[in-house]
Every structure is written in structure tokens, then in C-alpha cells.
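# quick one, structure for this:
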Amino acid sequence: MENKKEENKNVEEVKNETPTNNEEINKLKALVSDLENKLKYQQAELINYRKRKDDETANLLKYCNQDLILELIPIVDNFERAIKLDDTNLNDELSKFLAGFKIIYSHLTEILTKFGVEEIPTVGNEFNPNVHEALMTAHDEAKPNEEVVECLLKGYMLKGKVIRAAKVIVNKLD
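The predicted model follows:
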């Protein structure tokens, strides 16, 4: 008789444990599913972070010389102004200096070109606010509207990025 009572007790315990175990199993499955989703989200975040850092590093390396180039461009401008002097009225000694300036200027422009610096095209092209800065307007009926008439200060691009906009005079017909 005692055995029957114990068996009934064990059967009741198993019956009581089974639903509890199913509930626990469902809770654990939900927890595992939630943790798997969090893990996937964190892995995606890590991948995106690495891509962003790689892009930032690539841009940093691509434009690392920008500050130095921006310091050199005014020197190139000054050489251009000196070269524009009319050397027909200069004495022989000044003509030699001017020839030296031309050589230095050509070396500087070659170095800038080597490092990916390009001059922004201006005169005769349509005004583009992304690369040109209009300082003045002109009114010339012979030229199309919005055409760059004169370049006051050259603009430059470094590997496709504008580092100094060209200062220009734009034709306006209205």
C-alpha cells in the first residue's frame, strides 16, 4: 500500500513537473532566440563600425597632404604673379631672376600634380557653385549667361575634392 501511495505521489509530481518543464523550455527558447538576435545585431554593428573606420582611414590617408598643399598654393600664386611680369622691359639681371622663377614654378606645379592636385577649369566654362566662387558679375552680350568670364584666383582640387574654390567673374545677362 505504501508503494502505491509513493507511485501516485511520483505520478502526480511528474504531471506537475511536465507543464512546468514545458513553460521553462518555452522561456529558455525565447531567451535563446532573444540572445541570438542580440548577438546578430552586435555582429552587424561591429561589421559596420569596421567599415566606417576603414573608410575614415582611407580618406585620412588619401587627403593627408591637404594641409601642406594648402600652404604651398599661395606660394604658387605668387610665382604666377611674378612670372606675369613683362620681361621685355627688364634688364638682363632681372630677366635671369624671372627665368629662375619660371623653373621653380614649373617644379612646384609638377610636385603638386604628382600628389593629385588639379587646377579647376574656369574661363569659358559654365559657372559651377561647387567649384567656383563668384565674386563679381559682368554683362557681356557676346558670351552666354552663367559663363565664367575671368578668373581672379585659381581654384584647386585634391584627388577630386575641392580644397580651394576658384574666385571668378561670371557673366549675367538678366
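
# in which helix or strand does the residue most central in space within the chain reside?
Centroid-nearest residue in the chain, with Cα atoms, centre = their mean: N59, separated by 6.2 Å. In the assignment (DSSP states H and E), N59 maps to helix 2-62.

# can you give me the offset of the helix or strand following that helix from its chain's centre?
Next in sequence after helix 2-62, counting helices and strands by DSSP H and E, comes helix 66-83. Between the centre of helix 66-83 and the centre of its chain there are 23 Å (Cα atoms, centre = their mean, to the nearest Å).

# which strands or helices does whatever helix or strand comes next after helix 66-83 pack on?
As assigned by DSSP H and E, the chain's next helix or strand after helix 66-83 is helix 92-114. For helix 92-114, the contact count by 3 or more Cβ pairs under 8 Å, 6 or more residues apart in numbering; DSSP states H and E identifies helix 66-83 as packing neighbours. From N, CA and C alone the C-beta is placed, and that goes for glycine too.

# which outside residues touch the helix it packs on?
In this structure, residues lying in contact with helix 66-83 by Cβ atoms under 8 Å, 6 or more residues apart in numbering are 98, 101-102, 104-105, 108-109, 112, 115, 117, 153-154, 156, 158, 163-164.

# quick one, it and helix 92-114 angle?
Helix 66-83 runs at 150 degrees relative to helix 92-114, counting by axes from the mean of the first three to the mean of the last three Cα atoms, to 10 degrees.

# output helix 66-83 as CSV, restricted to C-alpha atoms.
Provided in CSV are the C-alpha atoms of helix 66-83 (Å, rounded to 0.1, in the frame of the first residue of the first chain):
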residue,chain,number,x,y,z
GLN,A,66,45.9,68.6,-47.9
ASP,A,67,47.2,71.0,-45.2
LEU,A,68,50.7,71.1,-46.7
ILE,A,69,49.2,71.6,-50.2
LEU,A,70,47.0,74.5,-48.9
GLU,A,71,50.2,76.1,-47.6
LEU,A,72,52.0,75.7,-50.9
ILE,A,73,49.2,77.0,-53.2
PRO,A,74,49.7,80.7,-52.2
ILE,A,75,53.4,80.4,-53.0
VAL,A,76,52.4,79.0,-56.4
ASP,A,77,50.1,82.0,-56.8
ASN,A,78,52.9,84.4,-56.0
PHE,A,79,55.2,82.7,-58.5
GLU,A,80,52.5,83.1,-61.2
ARG,A,81,52.2,86.8,-60.4
ALA,A,82,55.9,87.2,-60.7
ILE,A,83,56.0,85.3,-64.0
